[in-house]
Structure formats: C-alpha cells, structure tokens
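> I'd like to go over a predicted model; first the sequence, then the structure.
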Amino acid sequence: MLNDTINKISNAYMAEALNSPTLMEDMAAMEKYMAESYSGRIFIELLQNADDCGSTNVLVQEYDNHIVFANNGRPFDDNDIISISRSGASKKERGSQIGYRGIGFKSTAYLTEEIIIFSNNTYFTFSKSECSKRLNKPKEQLPTVRIPFILDNIDSELSRHILDISKYYSTIFVFKNAKMDQFENEIGNLSEGYFMFLRNICTCSVQMNKRKAVYTIQREKDNGYEILTFESGERKKWLITRKNNVALALRLSNGQVIACDSEESIYHCFLPTLDKSPYPFKINADFSTDPSRKHITQDSLTDNAINSVVVLIYETLEKAIEEECPMFSQFFDIITSVY
C-alpha cells in the first residue's frame, strides 16, 4: 500500500536527518537554489510530469489562496514517492521521457512551504512546518520537498474540493498559501509552445482569478506528418516533421507552411527554452540544458542533436524542392528569408 511506503520513507529520512544534523541544512540550501533557478518555469515542470505519466487532461486553478494542479495520468506508485522525495532518483531515461533528472518538482518549493498531494486514494504532504515540529529545527534550515508525511487531518472544505476534482483527475497537488503573483505571471505567458512537443496532453483548463482559458490540442496525421491544431480564443495549426528525437514545427496556413512570428521561433528541449531559433520555425531536440532548462548548453549530446537537426532541415528542404509534399512548397522561401 502507498501508505506503508510513505511511512517507511518518512521514518528513514527522519532518522537520517537526526543522525546527520547538517544534511537537511545543505538540502535546504540546494532546494532554494533550484527553486530560484526554475522560477518562471514551475508550471512547465508540472506539465512535463503530467505528460510523462500519460495525462491527457490537466487542470490548474486558484482556490482559497492555494494553487491546485491536477492531472488524469497514472496515479502515484511506490517508485514515484521515492523519486519525488529524493533528488536525481528518477527512473526516467533520457530521450524516452521529457524529465529525467528527478529534480524538477523541487522547483515548486518556490511557491510554498506546504504541498498536499492526493493520489491513489492517499493524502500525503511535504511540509516545512511539520518537519520543523518533528525535528525541532527552524524552518529555514529545512527543505520543503524531502520527507513525506501521511496526512490524516485536512481542512474539510479543501478535502471536499479535492474529492470533487478527483472525479475527473487521478492526481491532485495543492500548493498551500502560494506565491500567487509569480505563478500568475508565468501562466500569463502560456501558449501553444508549452504543449507543442508533449506526447499526451490534449486539454489544459486554466481557472486562475486573473486568467481563465481552455487550451485544446488536436493531433492528427496528414500524409504521414503530424498536424497539431491549437485552440484557445484563436485557432493555430502547426505541421510537425520528425526524425528520431528531432522535430521541426512549422506554422500552417491554408495548407501551406509559413514563417512563424519571431517570438515563436525558439529552440525546444521538448518544452520551450529561452533560446532563439535562427529560422522562423521551432526546433526540438534532446539538447543538454542548464539546470533551469531555460538555455541550451554545449556538450557532445547537444552537438549530436544539432547535427541531427541539420539533417532533418536538409531532408525537408529536399522535399520542398522536389515537390514531394505540396505543404512544404514555401519551405525554401522560409529558409532563404533569413539570409
């Protein structure tokens, strides 16, 4: 049972903290660094984790000064509890799933000092206050996401709200008394680029006080190519051409690829980075990135990814020149427009 695993991990990490007094202080400092590095990317991390566990629908909402994030993917199991409690313990393999470091969830500590999770019919929490009480240490010397505790007592109104949501979603996170303004700013930048290279998510419902929207993503095939249709107030279509773990996303209009807007032409490492693409389309590959995943870093894996991108661009250009696919007829003009 999930309860047994949580209690086992909780007891082991409590003993560890008592036997190594400075360990928790070091982990608190590391968590603070990761949270600050990932600031502005917390919703992206939650989306990524939801997609990796097979979610098709996600919900983000503001409730009684809390942030609620829910997904309908595979519920928590024992391995998930271990991975979320530790750093770098994720069993995801690079390239097979988007997240692989196992540290992204630590970024949510930027929002709050108390996280409630409901999954697999189990309530548990990560709480600085609870750690502080049990270890008799100041909160400032403790990380938020380390020791999980079974949650036996929960506010009745919040419990009812969670149970209502659980009719449609399998895992629910509640970030209590969260830094709402920072999160609202991130949600304000939400666009189809967040979902472009995800594998599963089809609907994202946003119910924040300052922003309410529903994003739908329809994936279909046309002549062997992926066509993505995004709707949220306006409709946009993108054509995705892939080769292995590399992909290009080109805007579609009237059945033809066209140059995208300058703010849309960026590199993605499955999720958007802040680095600009040299071409008016999106480029996705398994690049190496800095810890925040905002910027691509140069190493042999990135070099290999860039080489693969060049091959895919060249093959796409060949199709345009040889008129193998009418949708690519403008691709040559798109490429040459940057010179």
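Ah, there it is.

> switch to C-alpha atoms for all contacts and neighbour counts from now on
Will do.

> residue ranges with poor pLDDT in this protein?
87-103, 324, 338-339 (pLDDT under 70).

> chain center to stretch 111-123: distance?
17 Å (C-alpha atoms, centre = their mean, to the nearest Å).

> residue 180 is in contact with residue 68, isn't it?
No. Between residue 180 and residue 68 there is no contact under C-alpha atoms under 8 Å: 11.3 Å.

> tell me which of these two has more neighbours.
The residue with more neighbours, out of residue 180 and residue 68, is residue 68; 24 against 17, by other C-alpha atoms under 10 Å.

> show me what the host helix or strand of the more buried one is in contact with.
Element membership for residue 68 (DSSP states H and E) is strand 66-71. Identification of contacts with strand 66-71 by C-alpha atoms under 8 Å, 6 or more residues apart in numbering yields 46, 50, 55-62, 165, 169-178, 180.

> cutoff 6 Å now
Contact with strand 66-71 is made by 55, 57-61, 169, 171-178, as judged by C-alpha atoms under 6 Å, 6 or more residues apart in numbering.

> SS state for residue 46?
Secondary structure for residue 46, judged by DSSP: H, G, I helix; E, B strand; the rest coil, is helix.

> next: the one 4 residues further on.
Reducing the assignment to helix, strand or coil with three-state DSSP, the entry for residue 50 is helix.

> how near is it to residue 245?
Separation of residue 50 from residue 245 (C-alpha to C-alpha, to the nearest Å) stands at 20 Å.

> the two: which has the busier surroundings?
Each of residue 50 and residue 245 has its neighbours counted (other C-alpha under 10 Å); residue 50 has more, 24 against 15.

> contacting residues for the more buried one?
Counting by C-alpha under 6 Å, 6+ apart, residue 50 has no contacts.

> alpha carbons only: can I get the strand holding residue 68 in PDB?
Output of strand 66-71 as PDB, limited to C-alpha atoms (Å, rounded to 0.1, in the frame of the first residue of the first chain):
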ATOM      1  CA  HIS A  66      -3.900  27.900  -2.900                       C
ATOM      2  CA  ILE A  67      -2.800  26.700  -6.300                       C
ATOM      3  CA  VAL A  68      -4.300  23.400  -7.400                       C
ATOM      4  CA  PHE A  69      -2.800  21.400 -10.200                       C
ATOM      5  CA  ALA A  70      -4.500  18.100 -11.300                       C
ATOM      6  CA  ASN A  71      -3.900  15.500 -14.000                       C
END
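
> quick one: the helices in the protein?
Remark: helices assigned in the chain by DSSP state H are 2-19, 21-37, 42-52, 78-85, 128-135, 156-165, 180-188, 300-322, 331-336.

> and residue 66, how many neighbours?
For residue 66, using other C-alpha under 10 Å, the count is 20.

> ok, it to residue 181 distance?
12 Å.

> how about residue 260?
According to C-alpha to C-alpha, residue 260 and residue 181 sit 30 Å apart.

> looking at those two, which one has more neighbours?
Set side by side, residue 260 and residue 181 show more neighbours around residue 260, with 18 against 11, by other C-alpha under 10 Å.

> just the terminal-to-terminal distance for stretch 52-70.
First residue to last in stretch 52-70 (C-alpha to C-alpha) measures 14 Å.

> off-centre distance for that stretch?
Put simply, stretch 52-70 sits 12 Å off its chain's centre (C-alpha atoms, centre = their mean).

> buried sites along it?
Residues of stretch 52-70 classed as buried by neighbour count (16 or more other C-alpha atoms under 10 Å): 52-63, 66-70.

> what does stretch 105-122 give?
105-119, 122.

> so which of these are in strands?
114-119, 122 (DSSP state E).

> just the closest of those to residue 136, please.
Closest approach to residue 136 among these (C-alpha to C-alpha): residue 114, at 17.2 Å.

> what's the closest non-adjacent residue to that closest one?
Closest residue to residue 114 apart from its sequence neighbours, by C-alpha to C-alpha, 6 or more residues apart in numbering: residue 127 at 4.3 Å.

> and what of residue 287?
Closest to residue 287 by C-alpha to C-alpha, 6+ apart is residue 302, at 4.7 Å.

> for that neighbour, grab the count of nearby residues.
Residue 302 - counted by other C-alpha under 10 Å - has 17 other residues nearby.

> what's the answer for the one 4 residues further on, then?
Here the number of neighbours of residue 306 (other C-alpha under 10 Å) works out to 18.

> tell me how far it lies from residue 298.
Per C-alpha to C-alpha, residue 306 is found 10 Å from residue 298.

> and stretch 289-308, what's buried?
Buried residues in stretch 289-308 (16+ other C-alpha under 10 Å): 289, 291-296, 302, 305-306, 308.

> just stretch 125-138 next, same as before
Neighbour-count burial for stretch 125-138 [16+ other C-alpha under 10 Å]: 125-132, 135, 137.

> and the residues you listed, which is closest to residue 279?
Nearest member of the buried residues of stretch 125-138 to residue 279, counting by C-alpha to C-alpha, is residue 126, at 43.6 Å.
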